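S.K.: just the structure for this:
(one chain, ligands or ions: 2)
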Amino acid sequence: MTDDAITSNDDLPPCPPILLGIRAALGQSLLEEILSSKILLIGSGGIGCELLKNLALSGFRHVEVVDLDTIDVSNLNRQFLFRSVHVGMPKCVVASEAALRMVPPPPPPPSPPPTPTTRSSQAAAYLPHHGNVFDNSRFNVPFFQKFALVLNALDNVAARRRVNRLCLASDVPLIEAGTAGYLGQVTVIDRRSGTECYECQPKPTQKVYPICTIRSTPSQPVHCVVWAKELYRLCFGPKVEDSMLYEDEEGLRERREGDDDGDGDGDGDEKKDDDGRRTTTTGDEGSADVAAGGAKGGGGSSAYMGAMTDLRSLLGVDPASSPGSSSSSSSSTSPTPYDVASAVRSKAREVISALFVTEIEKQIGMGTYRTADRAPEPLSSSDVDSCRDVVPSPTMRDGCAPTDVWSVRECVAEIASCLVEVAENAIAQDPTFPLPEFDKDDDVAMRFVTAASNLRSYVFGIEPIQSMYDAKGMAGNIIPAIATTNAIVAGLQVLQVFHVLRAQLDVKKNGGEGGKLKECCRYIYCLRDKTRKGYLLQPTTLPDPNPECFVCRNAIVSLALNTNEWTLDMLLKRVVKKELGFAEPTVMIGEDIVYEEGEDIDPSEYAANLAKKMVDLPGGGAGHGSVLRIEDFTQDLEVEVSVSHRDCWVDVDEEKGGEAKDDGRAEMEKFEIGGKKLVAATAASSDSMKGDSVSAESDGFRAASANEGEDVLLVEENYVPRGVNEDSKMPAQTSSEHGNGSKEQLKKRAFADQAENGAKKAKFNVEDAKKPDLSEVMS
Ligand SMILES: Nc1ncnc2c1ncn2[C@@H]1O[C@H](COP(=O)(O)OP(=O)(O)OP(=O)(O)O)[C@@H](O)[C@H]1O
Ligand SMILES: [Zn+2]
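M.R.: Residues are numbered from 1 along each chain as shown. Ligands and ions are numbered 1, 2, ... in the order given. Predicted coordinates for the structure are as follows:
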């Protein structure tokens, strides 16, 4: 791979046997770079565990790991650095300790010893940071600047955007990765090298949710839907132990016994080995004490299993029992439907209270949610009382629609109503009873899952609360995360790490500006189906930035909405924070600051503006044709937003032959980012604005080309990637007029890549059309 890679071992300093292969492939100087470089890893879940193991076994001695979550039982099947004794402990703490034990011993110091001491001869340290990467007091530009490069192993767009911005602002290369079932992708983002950033391409609306475990600290609606499906299994499943929420006494005992030092704290106490080489890696202050809190979580019993067992028996789900025959039922004769309904409602109250009050309070007490964006708030007892017919279930209401969003109390009432229905069906010996596995097309199943998922969202402050229609879309599209894909992708990431370090080493040795990663790094797809030549990995050149990207190219963002009705508060929450990802925005109209956030800012200063309509804001208002300037010093980001007023939203839905499209949002709440920019500030009628609609969706097409001399398998040279249609060799499906997303630009890029790499024109391979854009994948 390199010139010095061929040097005979006799001429080289001693090296741990496990690293001889690395040295033979990469050379002594790159090995030294590996031994001394500081690497930051964000996320220690499925991909993160694989990456940590790879980094450790490749000789990396200085790695820091950020993760906000604690270990759940359901992570154990494939997040292989964790054991049942670790349940409840921070993932990053356990993963760092486990990986550190795999780091080969340091090479013996050369004689005479180097002066000053180089980092490669220092003790290895894998430092965990249990926290949310959005915590700007800890994870900010100075923190990122300490590292040679950053690796992402995340499962959500918001956190990926945050890391992307911090890396751009810190000038640190980012190796980004994602998987979705059998599919995966890895790319390298480097501002100085002029590569595309994570946000250069608009993200397509997510259609599948690759996820298969439960997030202890949920942050998205889909995390709650996954949890609710497991709750459904726990209530109605033929085998209660199949549910990821199931806890039995034996399992708890095992976990306590697994804490082999017998102190019950579950810490494993494995921080040092005999020669003291492996240093204690408690990380920052947060990690050590949370680890202790989390460990108690490993030994505590769940607050809900007792009530759940009674409920199953009452529902007649467990074969030994029949409806109404619970131990808590006092009736000795056959119960009437009324008796059953009232017994079920009362038990439902107990279960809901255990799940959404007692269990949450218990976990809060143990510090499980310290890293959540917002501390969870247990339901109130009056909310839980809605079980007792206090509130009618929303689906029993006249005119109820699948797009309705239910309140907390309605969700509680809906759960109770589903449970009563199941019990009554059981009594009537309905042939559909007992309930089958969860089926999104089953009415009771979907009502139950929507209500339970939303209650969890309410408790954790997760928005938006889902209508049954939305929840169904998610519940039906959750696909399992596959450990093998995670392993492949993590391996590819480490190969890119070597390339980045090699480029950095060249600059150190030979001088120059750096920024040459486009020459050596690749965007790599991991495909599900082999290409015709039998390859599963496809490297392509790193794409150029999108000139329309407001993150890396300071492009102006165009925004259309009803400026007469939108308030500043709506603008901040729905557009500035949610869509544009600003963490601490300062909003200016001309020279006037209309809003500011941050540690030193008194929130009352701009409180009066929050309720004002956009047109009524100071500085002349943010009406049609105005320009807002939004800054965020925490991300070193500044953007100009060109505002246009729109109050009529007739979009043509081509699939429905030109009918008006209803996306479920109230007319007044609609907005569009990324339409045509206003050229001049003219007063606009609704009609004059109609033509401005441009979908911000893109299929995330990447121009692909075969590259010679890769360290991954090549695809055949006549391969044409997804999105290029056979006749025109033009990217299909994109309707965006955004820079690289436009047909013309994509076409140019595809052809430029082909020319550059001598790739011949190709036939479109149908199998390859399955290749997704994984830029928004979950893990
Ligand atoms: N904002 C964030 N700050 C820090 N860590 C984060 C943030 N968002 C996500 N993570 C972490 O990224 C990791 C993503 O890994 P992954 O998705 O494999 O794990 P998982 O959620 O446990 O499993 P699953 O594959 O079922 O989704 C998680 O451990 C999660 O805690
Ligand atoms: Zn960009």
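S.K.: neighbours of Ser457, just the number please.
M.R.: Using other CB atoms under 10 Å, Ser457 has 25 other residues around it. For every residue, glycine as well, the C-beta is placed using N, CA and C.
S.K.: in what helix or strand does it lie?
M.R.: Element membership for Ser457 (DSSP states H and E) is helix 443-460.
S.K.: how about that helix: buried residues?
M.R.: Judged by neighbour count (16 or more other CB atoms under 10 Å), helix 443-460 contains these buried residues: 444-460.
S.K.: within range of ligand 1, give me the residues from the stretch 151-300 of the chain.
M.R.: Applying CB under 6 Å from any ligand atom, one finds that the stretch 151-300 of the chain approaches ligand 1 through Leu154, Asp155, Asn156, Ala159, Ile211, Cys212, Thr213, Arg215.
S.K.: go again using 5 Å as the cut-off
M.R.: Leu154, Asp155, Ala159, Ile211, Cys212, Thr213 (CB under 5 Å from any ligand atom).
S.K.: now do the SS call for the first one.
M.R.: Going by DSSP: H, G, I helix; E, B strand; the rest coil, the secondary structure assigned to Leu154 is coil.
S.K.: neighbours around Ala607, how many?
M.R.: Based on other CB under 10 Å, the number of other residues close to Ala607 is 11.
S.K.: secondary structure of it: a strand, I assume?
M.R.: No. Using three-state DSSP, the secondary structure at Ala607 is helix, not a strand.
S.K.: how close does it sit to Gly598?
M.R.: The spacing between Ala607 and Gly598, counted by CB to CB, to the nearest Å, is 15 Å.
S.K.: who's the spatially closest residue to Ile488 that is not a sequence neighbour bridged to?
M.R.: Closest residue to Ile488 apart from its sequence neighbours, by CB to CB, 6 or more residues apart in numbering: Cys526 at 5.4 Å. With DSSP bridges as the criterion, Cys526 is bridged to Gly184, Leu537.
S.K.: list the contacts for Cys526?
M.R.: Neighbour list for Cys526: Thr179, Tyr182, Leu183, Gly184, Gln185, Val186, Thr485, Ile488, Val489, Leu492, Leu536, Leu537 [criterion: CB atoms under 8 Å, 6 or more residues apart in numbering].
S.K.: quick one, grab the pLDDT at the nearest residue to Phe356 once chain neighbours are set aside.
M.R.: Closest residue to Phe356 apart from its sequence neighbours, by CB to CB, 6+ apart: Leu379 at 4.5 Å. Predicted confidence (pLDDT) for Leu379: 97.
S.K.: could you dump stretch 449-465 to PDB, C-alpha only?
M.R.: C-alpha atoms of stretch 449-465 as PDB (Å, rounded to 0.1, in the frame of the first residue of the first chain):
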ATOM      1  CA  VAL A 449     -49.800   1.000  19.800                       C
ATOM      2  CA  THR A 450     -50.600   4.600  18.700                       C
ATOM      3  CA  ALA A 451     -52.000   5.400  22.200                       C
ATOM      4  CA  ALA A 452     -49.100   3.700  24.100                       C
ATOM      5  CA  SER A 453     -46.500   5.200  21.900                       C
ATOM      6  CA  ASN A 454     -47.900   8.700  22.300                       C
ATOM      7  CA  LEU A 455     -48.100   8.400  26.000                       C
ATOM      8  CA  ARG A 456     -44.300   7.600  26.000                       C
ATOM      9  CA  SER A 457     -43.800  10.600  23.700                       C
ATOM     10  CA  TYR A 458     -45.900  12.800  26.100                       C
ATOM     11  CA  VAL A 459     -43.800  11.700  29.000                       C
ATOM     12  CA  PHE A 460     -40.500  12.300  27.200                       C
ATOM     13  CA  GLY A 461     -41.700  15.500  25.500                       C
ATOM     14  CA  ILE A 462     -41.100  14.100  22.100                       C
ATOM     15  CA  GLU A 463     -42.800  15.800  19.200                       C
ATOM     16  CA  PRO A 464     -44.800  15.500  17.000                       C
ATOM     17  CA  ILE A 465     -47.400  13.400  18.700                       C
END
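S.K.: please parse the chain into its domains.
M.R.: 9-200+482-515, 221-247+302-327+335-480, 558-728 (automatic domain parsing).
S.K.: and the first one with ligand 2, contact?
M.R.: If I follow you right, that is domain 9-200+482-515. Yes. Using CB under 5 Å from the ion, domain 9-200+482-515 reaches ligand 2 at Cys197, Glu199, Cys200.
S.K.: so what strands line up beside whichever strand or helix holds Val150?
M.R.: Assessed by DSSP H and E, Val150 sits inside strand 149-152. When pairing is defined by DSSP bridges, strand 149-152 lines up against strand 38-42 (parallel), strand 174-180 (parallel).
S.K.: what about the residue in the stretch 1-150 of the chain that ligand 1 sits nearest to, neighbour count?
M.R.: As assessed by CB to the nearest ligand atom, ligand 1 sits closest to Gly45 within the stretch 1-150 of the chain, at 2.1 Å. By other CB under 10 Å, the residues close to Gly45 number 26.
S.K.: you'd agree it is up against Thr70?
M.R.: No. Gly45 sits out of contact with Thr70 when judged by CB atoms under 8 Å, with a separation of 11.4 Å.
S.K.: mutual contacts of these two, please.
M.R.: By the contact definition CB under 8 Å, 6+ apart, Gly45 and Thr70 are jointly contacted by Lys91.
S.K.: tell me the contacts of Phe438?
M.R.: Lys229, Tyr232, Arg233, Ala445, Val449, Ala475.
S.K.: turn the residues you listed into TSV, including pLDDT and distance to Leu315.
M.R.: As requested, those are exported to TSV (pLDDT from 0 to 100; distance: CB to CB, whole Å):
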residue	pLDDT	distance to Leu315
Lys229	95	18
Tyr232	94	12
Arg233	92	13
Ala445	93	14
Val449	97	16
Ala475	91	21
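S.K.: relative to ligand 1, which of the contacts of Cys526 is nearest.
M.R.: When the contacts of Cys526 are ranked by distance to ligand 1 (CB to the nearest ligand atom), Thr179 comes first, at 8.4 Å.
S.K.: show me what the closest one is bridged to.
M.R.: Beta-bridge partners, per DSSP bridges, of Thr179: Gly184.
S.K.: distance check, it against ligand 2.
M.R.: 22 Å (CB to the ion, to the nearest Å).
S.K.: what pLDDT is listed against that residue?
M.R.: We note a pLDDT of 93 for Thr179 in this prediction.
S.K.: now the strand or helix carrying Ile352: buried residues?
M.R.: Assigned by DSSP H and E, Ile352 belongs to helix 337-353. Neighbour-count burial for helix 337-353 flags 339-341, 343-345, 347-353 (criterion: 16+ other CB under 10 Å).
S.K.: just checking: what are the partner strands of the longest strand along the chain?
M.R.: Across the chain, the strand with the greatest residue count (assigned by DSSP state E) is strand 637-645. As defined by DSSP bridges, the strand partners of strand 637-645 come to strand 557-561 (parallel), strand 627-632 (antiparallel).
S.K.: what's the pLDDT at the residue lying closest to Thr358 once chain neighbours are set aside?
M.R.: Leaving aside its sequence neighbours, Thr358 sits nearest to Ala303 (CB to CB, 6+ apart; 4.0 Å). According to the prediction, Ala303 has pLDDT 80.
S.K.: circling back to that earlier point, now the helix holding Ile352 - C-alpha only, CSV.
M.R.: Written as CSV, here are the backbone C-alpha positions of helix 337-353 (Å, rounded to 0.1, in the frame of the first residue of the first chain):
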residue,chain,number,x,y,z
PRO,A,337,-69.1,-8.5,30.4
TYR,A,338,-69.8,-5.6,32.8
ASP,A,339,-67.7,-7.2,35.6
VAL,A,340,-64.9,-8.0,33.1
ALA,A,341,-64.9,-4.4,31.7
SER,A,342,-64.7,-2.9,35.1
ALA,A,343,-62.0,-5.3,36.3
VAL,A,344,-60.0,-4.7,33.1
ARG,A,345,-60.3,-0.9,33.5
SER,A,346,-59.1,-1.0,37.0
LYS,A,347,-56.2,-3.3,36.1
ALA,A,348,-55.4,-1.1,33.1
ARG,A,349,-55.1,1.8,35.5
GLU,A,350,-52.6,-0.1,37.5
VAL,A,351,-50.5,-1.1,34.5
ILE,A,352,-50.6,2.5,33.0
SER,A,353,-49.6,3.9,36.3
